[in-house]
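Novice: model this:
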Amino acid sequence: MIQLQPHPDAENITVSCAVVTVSDTRTPETDKSGKLIQELLLSAHHLIADYQIIKDEPEQIQAYIESISQTQNVDAIIFNGGTGIAPRDTTYDAIANLLEKTLPGFGEIFRFLSYQEIGSRAIASRAVAGIYENKIIFSLPGSSNAVRLGMEKLILPEIIHLVTQIQNP
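Specialist: Have a look, this model is predicted:
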């Protein structure tokens, strides 16, 4: 499949990112998906400005977003975990309620790509992306396969373009 780009992005732009794993059980040692996000960002020459593991509590998720959004050294926040439909999966709701603008295509395309890999179970994913306080926020499922898919197919190809769009008045 050919990857189309409507116009080239500016080269040599480094995006400063916060990586957040939402989990009640993961630790820095067991957080494979958080490590994978960081590795993929670093290999694409982006920066990791912050890394956190947060419990799947809406108040904690929103407090983190509000706090990190006040810093000048973060352009993007990438979450993983808590996007399913189980009772403890509240990441989607916490993030969606804060977003000033949403990118519906992110979740739609993510589920389409997921469907090609895992079939109809992709409908249970509530991956979401949007803008809050001039920061781009992405929220992916917590599985490493989902993280790799979202990062390689959607986030890394578009993160420079999206950040540039947000920062240009």
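
Novice: okay, CA-based contacts and neighbour counts for the rest of this
Specialist: Will do.

Novice: contacting residues for the residue minimising distance to the centre of the chain?
Specialist: Residue closest to the average C-alpha location in the chain (C-alpha atoms, centre = their mean): F138, at 2.6 Å. Neighbour list for F138: A76, I77, I78, F79, A127, V128, A129, G130, I155 [criterion: C-alpha atoms under 8 Å, 6 or more residues apart in numbering].

Novice: Helix, strand or coil: sort out the second one for me.
Specialist: Going by DSSP: H, G, I helix; E, B strand; the rest coil, the secondary structure assigned to I77 is strand.

Novice: how much space between it and S67?
Specialist: 12 Å (C-alpha to C-alpha, to the nearest Å).

Novice: neighbour count winner among these two?
Specialist: Remark: of I77 and S67, I77 carries more neighbours, 25 against 10, as counted by other C-alpha atoms under 10 Å.

Novice: in the sheet, who's paired with that one?
Specialist: In this entry, I77 is beta-bridged to A18, I137, by DSSP bridges.

Novice: okay but it is in contact with C17, surely?
Specialist: Yes. I77 is within contact range of C17, at 5.6 Å (criterion: C-alpha atoms under 8 Å).

Novice: The host helix or strand of F106 packs against which elements?
Specialist: Element membership for F106, per DSSP states H and E: helix 104-118. Contacts defined by 3 or more C-alpha pairs under 8 Å, 6 or more residues apart in numbering; DSSP states H and E place helix 104-118 against strand 128-132, helix 144-150.

Novice: Okay, helices next: where are they in the chain?
Specialist: Ranges of helices in the chain, per DSSP state H, are 32-43, 58-68, 91-96, 104-118, 144-150, 156-167.

Novice: And for the second one, what's in contact with it?
Specialist: Helix 58-68 is contacted from outside by I54, K55, V74, T90, T91, D93, A94, I95, L98, using C-alpha under 8 Å, 6+ apart.

Novice: Apply 10 Å and report the result again.
Specialist: 18, 20, 22, 49-50, 52, 54-55, 69, 74-77, 79, 88-98, 132-133, 135, 137 (C-alpha atoms under 10 Å, 6 or more residues apart in numbering).

Novice: Next, the buried residues of that helix.
Specialist: Neighbour counts over helix 58-68 (16 or more other C-alpha atoms under 10 Å) mark P58, I61, Q62, I65, I68 as buried.

Novice: same deal with the first one?
Specialist: Judged by neighbour count (16+ other C-alpha under 10 Å), helix 32-43 contains these buried residues: K32, S33, G34, K35, L36, I37, Q38, L40, L41.
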